[in-house]
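Chemist: predicted model follows, preceded by the sequence.
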Amino acid sequence: MFAVETRKLSKHFGTKAAVDGLSLRVSKGSVFGFLGPNGAGKTTTLRMLVGLARPSSGDAFVLGESVLAPGKQYLRRIGFLPDVPGFYNWMRPAEFLMLAGDIFGMSGRDLRMRVGEVLDITGLKGVKTKIGGFSRGMKQRLGLAQALLNQPEVIFLDEPTSALDPIGRKEILDTISLLSGRTTVFFSTHILNDVERVCDTVAIINHGRLLTQQSISSLRKSYSPHKIYLEFEGEPDISAAIEGKPWIDRIEKSNKGWFLHPTDLQVAQQALPRIIVDHGLVLRRFELVEPSLEDIFVRLVNYR
């Protein structure tokens, strides 16, 4: 059984398809990156998965239970951090979490201990400031603490690092990393660096449709070739010596060196040393550059 599964899940608003036949599977214990540009359908998908919107067609399963089932018992076993969490600004963080725990049916010593645990995990332990005086980053951390309060088996995070400064982003990502293997994290975002840092599997959507779902390592192998970076003493122009070779697609000047885009990486690695020697070049740097998730994302979104 998968932690989350969607089967041709769709949501229409009038004639517009916000989510269009989306089918994906999320393994238990994974940190799953749900990636797409703004307006791709990420938030609408999350709203259907957590019971805040009803699918127009198709189905989805969270912890084995259909989101269309009456009662939605799975909701007691998940956590949810919306993109803009709401709070009672006159409360302090521990007070707010005690209220949230009471709604979940938690009480007494167990609730007090759990509140202390999630405040510690999110770096808010000992904070007595009222929520109204919190920064955006502190509010996101409190929202994450609330989402973790019931020890969820799956936690859904909708753009948890958007609008945060670098320190706030690091704090949230560090917390997400701690959950890997213990809780399934469904992490919706458009920030590519965040996905590369904490996720093991990623799905990329656009216009409500799934473009691909793979591990990040296999995604790099499938959709974008490696590049070769060369740097020489004296910064010679090597374009004439390399352009036109059947194993090179294109060559680009970059600061003090050159980026080569090979059509056949193995042949390029074999041929380049001979070219360098034949032209009397003094090599300073020879580096195999792995494609970034940004390269792949731009290619998929722009061309599909």
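Modeler: Arrived safely.
Chemist: where exactly do the strands run in the chain?
Modeler: Along the chain, the stretches classed as strands by DSSP state E are 4-13, 16-26, 31-35, 57-62, 65-66, 78-81, 154-158, 184-189, 201-206, 209-215, 227-232, 248-254, 257-262, 283-289.
Chemist: can you list those strands in CSV and add mean neighbour count, distance to residue 177 and mean pLDDT?
Modeler: Yep, even glycine has a C-beta here, placed from its N, CA and C like the rest. What follows is these, written out as CSV (neighbours: other Cβ atoms under 10 Å; distance: least, Cβ to Cβ, whole Å; pLDDT from 0 to 100):
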stretch, mean neighbour count, distance to residue 177, mean pLDDT
strand 4-13, 19, 20, 96
strand 16-26, 19, 17, 95
strand 31-35, 26, 8, 94
strand 57-62, 19, 23, 97
strand 65-66, 15, 28, 96
strand 78-81, 23, 16, 95
strand 154-158, 24, 13, 96
strand 184-189, 25, 9, 94
strand 201-206, 23, 15, 93
strand 209-215, 17, 17, 92
strand 227-232, 18, 28, 90
strand 248-254, 14, 32, 87
strand 257-262, 19, 31, 88
strand 283-289, 12, 25, 88
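Chemist: now for these, which one comes closest to residue 126?
Modeler: The closest of the strands of the chain to residue 126 is strand 78-81. By Cβ to Cβ, the value is 22.0 Å.
Chemist: just to check, residue 128 is in contact with residue 95?
Modeler: No - contact criterion Cβ atoms under 8 Å: residue 128 and residue 95 do not qualify, at 10.2 Å.
Chemist: neighbour count: these two, which is higher?
Modeler: Taking neighbours as other Cβ atoms under 10 Å, residue 128 and residue 95 compare with residue 95 leading, 14 against 7.
Chemist: roughly how far apart are that one and residue 134?
Modeler: Residue 95 sits 13 Å away from residue 134, going by Cβ to Cβ, to the nearest Å.
Chemist: residue 99 now?
Modeler: For residue 99, the distance to residue 134 - Cβ to Cβ - is 16 Å.
Chemist: those two - which one has more neighbours?
Modeler: The neighbour count for residue 99 versus residue 134, taken as other Cβ under 10 Å, is higher for residue 134 (18 against 12).
Chemist: neighbours of the nearest residue to the more buried one once chain neighbours are set aside, how many?
Modeler: Spatial nearest neighbour of residue 134, chain neighbours left out: residue 142 (6.9 Å); criterion: Cβ to Cβ, 6 or more residues apart in numbering. Neighbours of residue 142 under the rule other Cβ under 10 Å: 24.
Chemist: how about residue 148?
Modeler: Quick note: residue 148 (other Cβ under 10 Å) scores 21 neighbours.
Chemist: now for it: which residues touch it?
Modeler: Neighbour list for residue 148: 79, 118, 121-122, 155, 179, 183 [criterion: Cβ atoms under 8 Å, 6 or more residues apart in numbering].
Chemist: how is this structure divided into domains?
Modeler: Domains of the chain are assigned by automatic domain parsing as 4-221, 224-303.
Chemist: any idea how far apart the tips of the longest one sit?
Modeler: Put plainly, it is domain 4-221. 26 Å (Cα to Cα, to the nearest Å).
Chemist: before we move on, back to that, tabulate the strands of the chain in TSV, adding columns for distance to residue 268.
Modeler: Below are the strands of the chain laid out as TSV (distance: least, Cβ to Cβ, whole Å):
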stretch	distance to residue 268
strand 4-13	41
strand 16-26	36
strand 31-35	30
strand 57-62	45
strand 65-66	51
strand 78-81	45
strand 154-158	41
strand 184-189	35
strand 201-206	28
strand 209-215	25
strand 227-232	6
strand 248-254	7
strand 257-262	4
strand 283-289	10
